[in-house]
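Peer 1: Any chance you can model this:
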Amino acid sequence: MTPFGRKLRELRAARQLTLKEMAGAVGVSAAYLSALEHGQRGAPSWYLLQRIIGYFNIIWDEAEELERLARGSNPRVVVDTSGLQPEATEFANRLAADVRSLDAETFRALMAVLVAREKPPRGG
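Peer 2: Down below sits the predicted model:
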């Protein structure tokens with residue numbers, strides 16, 4: 001399951017909607033919607049994402065969060081390390097080889113490192 005798929009399922013369950021009901025409303029098949037929720041499909045198209053946002057009447061921050069989750073929910077990632085230092089290629093290959101054996105705590109720790117790099121420096 002992808003982060004987007006998990007959120008989509010939560011939204012649907014909170015409103016007690018079946019896959020069939022939601023799929024019909026946003027213009028896809030129930031099978032496609034199920035595959036999207038289970039991470040067996042890549043991120044939804046921009047147009048489908050907008051239909052989902054409209055269907056759930058999601059606005060502002062919640063819509064941005066859903067868009068962010070969709071961008072980060074491709075279950076088949078390709079990492080291009082050409083032109084980078086050798087350590088980048090080694091890291092990407094090691095992550096690809098080990099990703100299935102990492103536990104939730106390790107994922108949280110790795111994400112914390114990446115998120116910390118996004119924050120602007122303090123001071124003034």
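
Peer 1: Next, the buried residues of the host helix or strand of residue 69.
Peer 2: Using DSSP states H and E, residue 69 falls within helix 60-71. Buried residues in helix 60-71, counted by 16 or more other C-beta atoms under 10 Å: 63, 66-67, 69-70. Placement of C-beta: from N, CA and C, glycine included.

Peer 1: Same check on stretch 23-36?
Peer 2: Across stretch 23-36, burial judged by 16+ other C-beta under 10 Å covers 23, 26, 28, 32-34, 36.

Peer 1: re earlier: counting contacts, what elements does the helix holding residue 69 pack onto?
Peer 2: With contacts defined as 3 or more C-beta pairs under 8 Å, 6 or more residues apart in numbering; DSSP states H and E, the packing partners of helix 60-71 are helix 3-14, helix 46-55.

Peer 1: Could I get those in CSV, plus columns for mean pLDDT and distance to residue 97?
Peer 2: Formatted as CSV, these follow (pLDDT from 0 to 100; distance: least, C-beta to C-beta, whole Å):
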stretch, mean pLDDT, distance to residue 97
helix 3-14, 93, 22
helix 46-55, 95, 32
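
Peer 1: Is it possible to get CSV of these that adds mean neighbour count and distance to residue 113?
Peer 2: Putting these into CSV (neighbours: other C-beta atoms under 10 Å; distance: least, C-beta to C-beta, whole Å) gives the following:
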stretch, mean neighbour count, distance to residue 113
helix 3-14, 17, 18
helix 46-55, 16, 28
